[in-house]
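Visitor: Sequence plus predicted model, see below.
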Amino acid sequence: MAISRRQFVMGGAVAGAGALVIGVRLSGHLVRAQESDPGAKKAAPNPFDAYVHVKPDGHISLIVAKSEMGQGIKTGLAMILAEEAEVDFNSVSVEQAETRPDIYAHMGTGGSGSTQENFTPLRQAGATVRELMITAAAARWNVPRSECEAKKGSVRHEKSDRKAGYGELVDAAVKLPRPAPEKVELKDENDFQLIGHATPRVDIPSKVNGSAQFGIDVRVPEMVFAMVARCPTFGGKAAHFDAGKAKAIAGVREVFEIPALGADKFTAGGVAVVADSTWAAMKGREALAITWAHGAAVSESSDGMREALRAAAKKSGKRMRNDGDVDAVLSNGAKKVEAVYEMPLLAHATMEPMNITAHVRGSDVEVWAPTQAPDWVQGTVASVLGLKPDKVIVHTTLMGGGFGRRYMADFPAEVAQIAKVVGKPVQLVWTREDDMTHDFYRPATCHRLQGAVGAQGRPVAWFHTLASTSIRGYWDPKADPAEGESGGARQMPYAIANVRLEFNGVTSALPRAWWRSVEHSFNGFVVESFIDELAAAAGQDPAQFRRSLLVKPPNWKPKFEYDPDPARLLGVLNLVAEKSGWANPLPKGKGRGIACYHSFGSYFAEVAEVTVTGSEFKIDRIVAAVDCGQIVNPESVRSQTEGAIIYGLSAALKNEITIKNGAVEQTNFDGYDPLRISEAPPIEVHLVTSKEDPGGMGEPALPPIAPAVANAIFAASGQRLRRMPFQLKSA
């Protein structure tokens with residue numbers, strides 16, 4: 001069967017001779033992609049989010065616009081599809097989609113959304129494949145559909161002992177009408193053979209043997225390498241540099257300036273050095289002898305930022321929530337508690353430094369990018385070069401960490417500027433120092449909390465003032481800086497009648513963007529630390545105090561978007577208390593701390609056990625309880641939980657980005673040290689069996705870990721830690 005030009009243009013890898021192709025939308029809408037029909041004159045379909053491609057050999061390809069960045073989606077998504085399609089897991093492969101926004105509606109990977117967004121639509125797509133194959137087989141054999149059963153990629157008619165593989169049935173299935181996605185019958189969860197069962201990740205073997213291609217592994221013929229010298233001060237630029245000294249370094253080919261490209265690109269500009277190797281480019285950059293014009297941001301410092309944040313936290317701000325009468329309660333005779341919490345700027349500290357490869361060939365460009373947003377890469381490169389986006393081919397590679405950093409457009413803009421001049425394939429490589437000093441940082445925040453405990457030992461007022469160098473305030477100065485900063489603070493999970501949340505923004509020239517768990521990384525710490533302080537003021541056990549406040553009325557409805565279900569939060573709280581031995585006393589100098597939190601559709605509770613000796617402490621054990629809805633791959637859930645906890649511990653115990661004279665002071669892992677293997681505590685992960693729709697998993701284990709540790713230190717020593725990274729005072 002021939003492939004029409006329209007099908008080729010619309011699908012590329014999606015289309016295929018004699019294949020059954022089903023488009024998948026995250027809304028759950030499924031339609032048949034245009035089959036091979038040389039004479040067809042149909043209108044192009046609207047973009048889908050993924051395509052299921054059943055081939056004549058029986059193999060199924062899921063072509064999806066989601067980036068694999070260590071979260072295991074190439075395994076998880078294949079499991080979902082294989083389960084409902086009734087095929088062997090090994091017969092399904094997940095392929096990276098072309099960067100074609102005209103074909104794929106959602107190309108970004110973030111917000112822990114890959115599984116939760118795709119779960120039901122992929123189940124419906126798999127069930128559609130299964131039902132079409134049964135219908136095709138029944139028609140071939142002229143038997144009732146009810147007598148046919150699909151198993152392991154084949155349809156069998158038991159009465160006649162006839163059997164046909166999906167590949168044999170594709171031609172007939174293509175011609176059948178499609179059931180509406182909401183009409184197709186899904187499997188009973190009790191019958192799952194793959195979903196919910198541990199399955200080895202398909203990407204691990206290639207990562208172990210070294211054949212997996214990350215962005216920094218890309219090699220193409222005639223490729224050269226580039227590095228950019230950027231002003232240490234944000235907003236600064238080169239006043240003078242010596243290109244001759246750089247060119248005197250063996251292997252250096254070209255040296256030229258690239259300008260900053262304005263607020264829509266967020267590129268700093270600098271001096272590009274192009275060479276035959278990364279080493280030559282690095283040495284050439286060192287020889288430039290640049291004199292910098294530092295600009296207005298040179299006056300910024302961490303001390304000044306902290307002072308501004310503390311002042312902002314004391315002021316009245318924009319009210320994001322205002323229940324009851326907080327002022328009246330705080331002014332009466334209830335027992336009052338007040339605390340100030342502070343969190344610094346944080347870097348992403350990606351294990352694979354930022355890099356990207358591009359080749360400009362006249363009016364066409366080819367790009368190899370470790371990116372969470374290939375369509376943003378495509379649009380940025382096209383804009384820099386004055387091309388239409390469809391002239392830019394973007395290949396999405398594996399990436400060694402990201403957590404928001406690889407959503408940015410600065411490195412694509414830089415490589416486009418360089419590749420335009422060079423005329424050869426060029427790989428732009430950032431050093432660790434570049435990565436640390438020119439990141440898009442997690443905002444610094446300060447929080448002033450005021451609360452009151454009534455005569456019955458219950459909290460009667462909660463007043464939270466949040467001050468932040470907000471993300472939105474950086475990207476769009478005209479926008480409301482409060483948007484995107486209040487998640488987890490506005491959605492109060494506890495039954496407190498009088499609650500107020502206010503926000504004040506603080507300006508800064510430093511680039512800010514999404515860091516793992518975004519605003520939940522700081523609001524989770526504050527909410528779960530202060531509820532512990534209220535429990536102490538009430539003279540109650542912290543776990544029992546929370547239990548008494550996680551009340552779900554019979555007709556409960558969310559008041560705010562993403563409000564947590566109190567019953568599910570209570571479930572993980574009870575589970576982690578049981579598994580950690582919460583009720584068992586510890587010897588003097590040891591303590592347990594607890595925290596429970598909801599974000600990205602998932603519920604987590606964590607207990608930390610610590611030993612405090614003088615001004616030193618050691619984390620002995622972490623216990624986590626996870627309710628992320630229906631679990632697809634338990635091993636992936638465990639590994640993501642462990643990874644997020646380690647990442648969160650690094651921030652709580654060690655990490656801080658500080659600014660002096662408008663520049664970042666930390667330049668490598670000696671000054672911004674991640675938690676090492678020898679320092680990592682044992683982590684136990686306990687999973688809740690649930691039939692709820694899946695929640696996210698990449699981020700929600702992170703917010704509870706810092707308050708659990710801080711609360712444990714209080715239990716062991718009586719010291720409250722309200723500022724990160726944690727430091728104990730001498731006994």
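Guide: Sure, I can see it. Numbers count the residues shown, from 1 in each chain.
Visitor: Quick one: low-confidence residue ranges for the stretch 251-400 of the chain.
Guide: 263-266 (pLDDT under 70).
Visitor: Regarding the residue sitting furthest away from the middle of the chain, what is its secondary structure?
Guide: The C-alpha centroid of the chain is most remote from S160, which lies 51.2 Å away (Cα atoms, centre = their mean). Under DSSP: H, G, I helix; E, B strand; the rest coil, S160 falls in the coil class.
Visitor: and it, what is it in contact with?
Guide: W141, V143 (Cβ atoms under 8 Å, 6 or more residues apart in numbering). All C-beta spots, glycine's among them, are computed from the backbone N, C-alpha and C.
Visitor: Now do the phi/psi pair for it.
Guide: phi -100, psi 0 (degrees, to the nearest 10).
Visitor: how close does it sit to P587?
Guide: For S160, the distance to P587 (Cβ to Cβ, to the nearest Å) stands at 72 Å.
Visitor: Ok, G629 next?
Guide: For G629 relative to P587 (Cβ to Cβ), the value is 38 Å.
Visitor: Please identify which of these two sits among more neighbours.
Guide: G629 (22 against 7; other Cβ atoms under 10 Å).
Visitor: Quick check, the more buried one in contact with G601.
Guide: Yes - counting by Cβ atoms under 8 Å, G629 touches G601, with 7.0 Å between them.
Visitor: Identify the contacts common to these two.
Guide: Q116, D693, P694, G695.
Visitor: residues contacting the third one?
Guide: With contacts taken as Cβ under 8 Å, 6+ apart, P694 has the following neighbours: T115, Q116, F119, G601, C628, G629, Q630, I631, V632.
Visitor: again, but for the second one
Guide: Contacts for D693 were tallied using Cβ under 8 Å, 6+ apart; they are Q116, F119, T120, G601, G629, Q630.
Visitor: which SS class is the second one?
Guide: Yep, that's F119 we're talking about. Using three-state DSSP, the structure places F119 in helix.
Visitor: per-residue pLDDT, it?
Guide: Looking at F119, its pLDDT is 91.
Visitor: element containing the residue lying closest to it once chain neighbours are set aside?
Guide: Closest residue in space to F119, ignoring its immediate chain neighbours: P694 at 4.9 Å, by Cβ to Cβ, 6 or more residues apart in numbering. Assigned by DSSP states H and E, P694 falls within no helix or strand.
Visitor: separation between P694 and P704?
Guide: Applying Cβ to Cβ to P694 and P704 gives a distance of 19 Å.
Visitor: what's the answer for K247, then?
Guide: Counting by Cβ to Cβ, the gap from K247 to P704 is 54 Å.
Visitor: So those two - more neighbours on which side?
Guide: P704 (34 against 15).
Visitor: Could I get the buried residue list for stretch 100-120?
Guide: Of the residues in stretch 100-120, 100-101, 103-120 count as buried by neighbour count, 16 or more other Cβ atoms under 10 Å.
Visitor: Quick one: residues contacting the residue nearest the centre of the chain.
Guide: Nearest to the mean C-alpha position of the chain, by Cα atoms, centre = their mean, lies G110 at 4.0 Å. With contact set as Cβ under 8 Å, 6+ apart, G110 has these partners: Q372, A373, G404, Y407, W514.
Visitor: Sort out for me which of those residues are in strands.
Guide: Residues of the contacts of G110 located in strands (DSSP state E): none.
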